[in-house]
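Colleague: Based on what follows, work out the 3D shape:
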Amino acid sequence: MGIFMAKIPERKDDIDRMLTELNFNRTKILAGILFLVNLLLLYSDYVNKVHGLWILPNGYKSLFYSHVVLGLGTMLAIFVSYLIKSYFGNEINWFHRLYINVFAFFILNLAAVISGWVDQNIHGQISVYVMACFVIAIIYYQKPRITGLLYVSSFCAFMVLVSKSQNDMSIRVGHYVNASISVIIAFILSALIHKLMQSDLALRYSLEAQVTERTKELQSANNLLKQEISERKRADEKVLRLASIVESSNDGIIGMSPEGIVIDWNYAAQRILGFTQEEMIGRHIRELVSEEKYTQLGKILSELNSGKRVSLFETEILRRDSKIANVALTVSPIVNTHGNIVGYSTIVIELTEKKRLEEEIARLDRLNLVGEMDACICHEVRNPMTTVKGFLQLTRNKQDHKIKEFFDLMIMEMDRANSILSEFLSISRTKVTIFEQGNLNDIINSILPLVQADAINNEKLVTAELSNIPDLQLNVTEIRQLVLNLVRNGFEAMSTGGKLNITTFTTEKEVVLAVTDEGVGIEPHVLEKLGTPFFTTKLDGTGLGLAVCEGIISRHNARLKVETSDKGSTFYVYFNTSSADQVGIA
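Modeller: Numbers count the residues shown, from 1 in each chain. Purely as a prediction, here's the structure:
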């Protein structure tokens, strides 16, 4: 029996429960099948009765009663199975095992009665008992000890009944031997089937457990994958955001490999340096800087490799149009997840606008200085000059003709000095400038005869092209002075026979005054200093004319633009038409 006592696989309770559930379901099916078979047997009994076989003693009539018992037993078994199922549901307990064992006991012992008693009075065979033993062995997956008890109890009943009902000793001994062999074989078969079912269920349970465990692992892996996908999606969104920031930045951003090869080039870098992304990707950064500047950049990269994180320095880079761009570079290392430097990020800041603003601030500082000097000069110099001029005029009348010429010269120089002081006052006023509604064309027309007379005296031509323009808030006196200063500067820039044109027109939001001459143009170094007080290219100029113009333009909230070439220059004054009533203090 050692083979039947082998170690039962793990999860013994679960396997027993599954075996009990299988046996319970098979019991219901067996009861149903036997009930249907029993109906045929009862019909056979009826046929036997019709043929008069029931008159034989202890024969067919007893067989009929055994079939009735079988029918009642199977009906009861079916009814009890439904009661158990409805009461306990899917829960398997000892009621199920009791039900199975009782039904198996009923079938085996009923078969023992039929074969050991009823059939001995008819044909002397034990086939019913043998079949019952093998049916129970095949249908049920009972434990060997339970099956053994069932077989022993039915075999004992069979032996007793055969001994009483069979008088022929040889037949009786044959039944003993046949029944014994059948019981032993059925028991071994039942034990083997039970063992195989245990192993099969253990394997199935193990596989289910592995599948469940694997499913949990896959679910966990799936959750991790979803989390990784979500994190990667957030990372991709962050990359897209950063890429958008890089592309929309006003500063150029250049990515370089450790060898200095350009790998990234944003739109601002293209705007500042003129090279497109397609032109620069794959090229060496050395192509943009001179050898001296590249040596400086190389030192910066060496500092970054030694641990310094960021470096800012000003340098010069060659633009695509061969011009030099003044820029400030901020170079930072690109570090991977292992902390190794895999490249460099360079931010290119254009300094052209910064330098322009610095120059504009310096110019305004100079104008402010002039304005501060203005009050002091006017109050401290003009009063004594008036006194000196008065005494000179008084003394002049008492001198002879030759001496009077010297006094006239001194008075003329005093007047010239006074004129310079008056222009000083025009540059930066310390009083309220009153504006009134007026039209720029009317002011130009009022002074046009004076301008034309001045042009004739200088052997030059002047024309006016005045478009229909809206009224503005203007100070008529200052605008007259502005136009006269621009026109006289134009006359002085032209040679004999030159033509000067005064134009007015409108743009979307501005009224424009343009004065165009046919001179030789303005040199770049001179253009940068236009409007600076006391700066002049004229031998007898004061350098205050354009400074006065800029003061007037500023008080009118207008702006000045100069275009120049070797064919002449044009001064544009833009007046804002959307500005409200103006009252300026300078």
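Colleague: Would you check how far apart residue 17 and residue 444 are?
Modeller: When distance is defined by C-beta to C-beta, to the nearest Å, residue 17 is 112 Å away from residue 444. Glycine gets a C-beta too; all of them are placed from N, C-alpha and C.
Colleague: The two: who's more crowded?
Modeller: When neighbours are counted by other C-beta atoms under 10 Å, residue 17 and residue 444 differ, and residue 444 comes out ahead with 20 against 16.
Colleague: for the more buried one, helix, strand, or coil?
Modeller: helix (DSSP: H, G, I helix; E, B strand; the rest coil).
Colleague: How about residue 513?
Modeller: Secondary structure of residue 513, reduced to three states by three-state DSSP: strand.
Colleague: That one reaches residue 575, doesn't it?
Modeller: Yes. Under the contact definition of C-beta atoms under 8 Å, residue 513 touches residue 575, with a separation of 7.4 Å.
Colleague: Can you pull the residues that touch both of these two?
Modeller: residue 440 (C-beta atoms under 8 Å, 6 or more residues apart in numbering).
Colleague: so what does the strand or helix carrying residue 148 touch, helix or strand wise?
Modeller: Of the helices and strands defined by DSSP states H and E, residue 148 is found in helix 144-165. Applying 3 or more C-beta pairs under 8 Å, 6 or more residues apart in numbering; DSSP states H and E, one finds that helix 144-165 makes contact with helix 94-113, helix 127-139, helix 169-248.
Colleague: Buried ones in it, by neighbour count?
Modeller: Burial within helix 144-165, assessed by neighbour count using 16 or more other C-beta atoms under 10 Å, is assigned to 144, 146-148, 150-151, 154-155, 157-159, 161-162, 165.
Colleague: Then stretch 349-359?
Modeller: 349, 350, 351.
Colleague: returning to what we had before: could I get the average pLDDT for the helix holding residue 148?
Modeller: Averaging the model's pLDDT scores along helix 144-165 yields 89.
Colleague: who's in contact with that helix?
Modeller: Outside helix 144-165, the residues that touch it by C-beta under 8 Å, 6+ apart are 1, 4, 58, 101, 104-105, 108-109, 111-113, 115-117, 120-121, 126, 129, 132-133, 136-137, 140, 142, 172, 175-176, 179-180, 183, 186-187, 190-191, 194.
Colleague: That helix to helix 169-248, inter-axis angle?
Modeller: If you take axes from the mean of the first three to the mean of the last three C-alpha atoms, to 10 degrees, helix 144-165 sits at 160 degrees to helix 169-248.
Colleague: now helix 144-165, how far from the chain's geometric center?
Modeller: Distance, stretch centre to chain centre, for helix 144-165: 82 Å (C-alpha atoms, centre = their mean, to the nearest Å).
Colleague: wait, what's in contact with the closest residue to residue 62 other than its chain neighbours?
Modeller: The shortest distance from residue 62 to any non-neighbouring residue, by C-beta to C-beta, 6 or more residues apart in numbering, is to residue 118 (4.7 Å). Residues counted as contacts of residue 118 (C-beta under 8 Å, 6+ apart) are 58, 59, 62, 63, 66.
Colleague: Mind checking the pLDDT average for the one helix or strand residue 46 maps to?
Modeller: Using DSSP H and E, the element containing residue 46 is helix 12-50. Averaged over helix 12-50, pLDDT sits at 83.
Colleague: Give the buried subset of the contacts of helix 144-165 as a PyMOL selection command.
Modeller: A single PyMOL command selects the buried members of the contacts of helix 144-165 (16+ other C-beta under 10 Å):
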select buried, resi 4+101+104+105+108+109+111+112+113+115+116+117+120+121+126+129+132+133+136+137+140+142+172+175+176+179+183+186+187+190+191+194
